[in-house]
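*Asks:* model the following, please.
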Amino acid sequence: MKTLTALLLWAILLVLCWPLALLLMVVWPILWLLSIPFRVVASVMEALLALVRAILFLPARLLGNRRP
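*Replies:* Model prediction:
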């Protein structure tokens, strides 16, 4: 669905302003390649935060949910 929407928007841009649409076809793969390191860093940070959260909540999980 996301790809279909992007294709439809690109087709509308092609009709309205074809030089911009052609420029977008050339620039988009370059921008995608440049964004790969940022996505890798984001994945690593998400994993580290999940690890810290698991470590912080470990005592509560071991003790269980005891109500007085």
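*Asks:* name the element V15 belongs to?
*Replies:* With secondary structure defined by DSSP states H and E, V15 is part of helix 2-16.
*Asks:* hmm, who's touching that helix?
*Replies:* With Cβ atoms under 8 Å, 6 or more residues apart in numbering as the test, helix 2-16 has contacts from 20-21, 24-25. In short, each C-beta sits where N, CA and C put it, glycine included.
*Asks:* pick the one among those closest to V52.
*Replies:* L24 (39.8 Å; Cβ to Cβ).
*Asks:* and the closest one, how many neighbours?
*Replies:* When neighbours are counted by other Cβ atoms under 10 Å, L24 registers 15.
*Asks:* could you list the low-pLDDT ranges of the protein?
*Replies:* For the chain, applying pLDDT under 70 flags the ranges 65-68.
*Asks:* so which elements touch the one helix or strand A50 maps to?
*Replies:* With secondary structure defined by DSSP H and E, A50 is part of helix 18-63. Using 3 or more Cβ pairs under 8 Å, 6 or more residues apart in numbering; DSSP states H and E, the elements in contact with helix 18-63 are helix 2-16.
*Asks:* just the angle between the helix it packs on and helix 18-63, please?
*Replies:* 160 degrees (axes from the mean of the first three to the mean of the last three Cα atoms, to 10 degrees).
*Asks:* may I have helix 2-16 as CSV, with CA atoms only?
*Replies:* Written as CSV, here are the backbone C-alpha positions of helix 2-16 (Å, rounded to 0.1, in the frame of the first residue of the first chain):
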residue,chain,number,x,y,z
LYS,A,2,2.9,2.3,0.8
THR,A,3,4.6,1.6,-2.5
LEU,A,4,1.4,2.1,-4.4
THR,A,5,0.9,5.5,-2.8
ALA,A,6,4.4,6.5,-3.5
LEU,A,7,4.0,5.5,-7.1
LEU,A,8,0.8,7.4,-7.5
LEU,A,9,2.3,10.5,-6.0
TRP,A,10,5.3,10.2,-8.3
ALA,A,11,3.0,9.8,-11.3
ILE,A,12,1.1,13.0,-10.3
LEU,A,13,4.4,14.8,-10.0
LEU,A,14,5.4,13.4,-13.4
VAL,A,15,2.3,15.0,-15.0
LEU,A,16,2.7,18.3,-13.1
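*Asks:* perfect, I'm done here.
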